[in-house]
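S.K.: predicted model and sequence follow; I will ask about them next.
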Amino acid sequence: MPCLKQPTHFQSLILLQWPLSYLAMCGRHSAWVRNWCAWTHLKNYFPITILKTKDLSPKHNYLMGVHPHGILTFGAFCNFCTEATGFSKIFPGITPHLATLSWFFKIPLVREYLMAKGVCSVSQPAIDYLLSHGTGNLVGIVVGGVGEALQSVPNTTTLILRKRKGFVRTALQHGAHLVPTFTFGETEVYEQVLFQKDSWMYKFQSCFRSIFGFYFCIFYGRGFCQGSNGLLPYSLPIITVVGEPLPLPKIENPSREMVDKYHALYMDALCKLFDQHKTQYGCSATQKLLFM
């Protein structure tokens, strides 16, 4: 059986990406780490690109919703944690931070590695710090979280968002602009085995999450040999579209009604962003975003 030629260094890239797919105190950017040539190989494998629809002014801070989670969040990692797709040139004056589980910051060396890429904890104190110290900070939160990862299968556009309103409250408290993003192709690069909620495997996955903070997903992609299955992702395009920022007033103690109002505006903006670009990036004209 003939073996496919793999991109240079790709096996090592997967090993580096593995803990970062579920990433995560406040990231200390290292231009050297963010510009490793390994990230360029990763970008070219799929390839991964970022599309700007509006400028982001360095005079403001931003809270960015990252959708969907996918299995390993390749798009958000490559676009916001590295310079492989040229983030600093596309959004000059903006410092990106991708929030992830605080659990990873308890591991020596892994903690320093994540922080060098600008990754921050998804804890409230870390996000409050970044949004209250200076301007030009952009904090990305994968709003659907690990629950969305468990539903990640090709050709799905279902997001866990309807009851996730904490990020809107935080944005209001700091007067940060909300930025919707959608990554087309994120759910296409892996297949996942899904289990019924009454099955023992689903119960094991739930137990695993209660202990470690994320689900034990059973997924597969391509292997090293043609026609075989393995853990390598399919080399399909991943495109992150960054939408227009939604300005929010600064309210120290926003009411529930105020949070609901801007949450609804955010969902509308996300739907419009998806509808404007879906046919260009592989979705049908009739496909809609579904919120859980």
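M.R.: Alright, I've got the coordinates.

S.K.: note down every partner strand of the helix or strand where residue 240 lies and its orientation.
M.R.: For residue 240, the host element (DSSP states H and E) is strand 238-242. Strand 238-242 sits in its sheet next to strand 48-52 (parallel), strand 177-184 (antiparallel), going by DSSP bridges.

S.K.: which residues of the stretch 151-292 of the chain fall in helices?
M.R.: Along the stretch 151-292 of the chain, counting by DSSP state H, counting those that start in this stretch, helices occupy 166-174, 200-212, 256-277.

S.K.: now the last one: mean pLDDT?
M.R.: Which is helix 256-277. Averaged across helix 256-277, pLDDT comes to 98.

S.K.: next, the angle strand 48-52 makes with that helix.
M.R.: Going by axes from the mean of the first three to the mean of the last three CA atoms, to 10 degrees, helix 256-277 is angled at 110 degrees with respect to strand 48-52.

S.K.: please spell out which residues along helix 256-277 are buried.
M.R.: 258-259, 262-263, 266-267, 269-270, 273-274, 277 (16 or more other CB atoms under 10 Å). (Glycine included, C-beta is placed from N, CA and C.)

S.K.: swap in the shortest one?
M.R.: Along helix 166-174, these residues count as buried under the neighbour rule (16+ other CB under 10 Å): 167-174.

S.K.: before we move on, what about stretch 158-166?
M.R.: Buried, per 16+ other CB under 10 Å, within stretch 158-166: 158-161, 164-165.

S.K.: now do stretch 203-222
M.R.: Going by neighbour count (16+ other CB under 10 Å), the buried part of stretch 203-222 is 205, 209, 213-215, 217, 219, 221-222.

S.K.: OK, contacts around the most centrally placed residue in the chain?
M.R.: Most central in the chain under CA atoms, centre = their mean is residue 76, positioned 4.1 Å from the mean C-alpha point. Shown in contact with residue 76 (CB atoms under 8 Å, 6 or more residues apart in numbering): 66, 98, 140, 142, 183, 240.
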